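**Q** what would the 3D arrangement of this be:
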Amino acid sequence: GALLRFGVPVAGRVVADVGAGTGGFTDCLLKFGARRVYAIDVGRGQLHHRLREDPRVVSLEGVNVRYARPDLLPERCELATVDLSFISILVAISGILNLLGERAEVLALVKPQFEAGPEDVGRGGVVRDFGVHRRVLIKVAKGLEVRGLRVLGLCPSPILGAKGNVEYFLYATLDEGRVPNPLPTEVLASLAVEEAAEKFGKEGMKQ
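**A** Numbers count the residues shown, from 1 in each chain. Next comes the predicted model:
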């Protein structure tokens with residue numbers, strides 16, 4: 001959904017799938033024509049065997065991307081998809097950037113339950129306050145901008161995360177020649193949250 005919505009170019013590109021898990025993103029990237037996908041995950045034995053056997057996929061297990069060095073991969077990636085849990089994207093971004101080329105793009109799943117402070121995470125690990133979602137999106141977007149990324153878009157994920165959490169896609173680029181989204185970060189965040197509230201409402205805030 002997010003690849004199409006943002007028009008993310010995938011065909012022929014080398015991609016790092018960070019937090020690959022069973023390979024949902026990896027599979028999607030291959031279907032969109034990725035030349036090679038480095039499926040990176042801190043866990044082991046999760047990647048689906050069909051993807052593990054695909055010659056276009058390089059599985060890197062037991063890798064904490066937070067500490068990734070530039071020599072982890074033999075080439076620079078042109079795109080990173082990011083789906084991390086139990087860690088803020090802002091904590092992991094330095095390692096992720098070590099894997100990317102100078103004009104690369106990032107499509108990251110922002111999970112409020114792992115970005116908000118403990119006081120904002122409700123019972124069962126669910127962030128129910130859309131105001132917190134907005135603050136989280138602004139914090140993450142501005143934190144990535146400090147690291148040289150230009151935010152191109154924000155939108156809610158069409159699928160609820162674990163336990164019913166609403167999550168968001170953030171699309172950004174390192175390419176200084178690309179024009180960032182003309183809307184202020186605060187407005188982008190507000191629009192994404194308004195769309196999420198309209199789409200999910202109480203469903204996304206279920207107990």
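**Q** tell me where the model's unsure across this structure.
**A** With pLDDT under 70 as the threshold, the chain has low-confidence stretches at 118-120, 122, 202-207.
**Q** all strands of this protein, in order?
**A** Assigned by DSSP state E, the strands in the chain fall at 14-18, 36-41, 57-61, 77-82, 100-110, 150-156, 168-173.
**Q** what count of nearby residues applies to Arg150?
**A** Number of residues near Arg150 (other Cβ atoms under 10 Å) recorded here: 18. (Each C-beta comes from the backbone N, C-alpha and C, glycine too.)
**Q** please report how far it lies from Gly124.
**A** Per Cβ to Cβ, to the nearest Å, Arg150 is found 36 Å from Gly124.
**Q** cool, Ser59 as well?
**A** Taking Cβ to Cβ as the measure, Ser59 falls 32 Å from Gly124.
**Q** between those two, which one's more packed in?
**A** Neighbour count, other Cβ under 10 Å: between Ser59 and Gly124, Ser59 has more, with 22 against 13.
**Q** could you report the separation of the more buried one from Ala80?
**A** From Ser59 over to Ala80 the distance is 16 Å, taken as Cβ to Cβ.
**Q** and for Ala192?
**A** The gap separating Ala192 from Ala80 is 20 Å, by Cβ to Cβ.
**Q** can you check Val179 too?
**A** Note on Val179: its distance to Ala80, by Cβ to Cβ, is 21 Å.
**Q** okay, these two: which has more neighbours?
**A** Just comparing Val179 and Ala80: by other Cβ under 10 Å the higher neighbour count belongs to Ala80, 24 against 9.
**Q** now the helices: where do they sit in the protein?
**A** Along the chain, the segments classed as helices by DSSP state H run 2-6, 24-31, 49-52, 89-97, 112-115, 130-146, 185-200.
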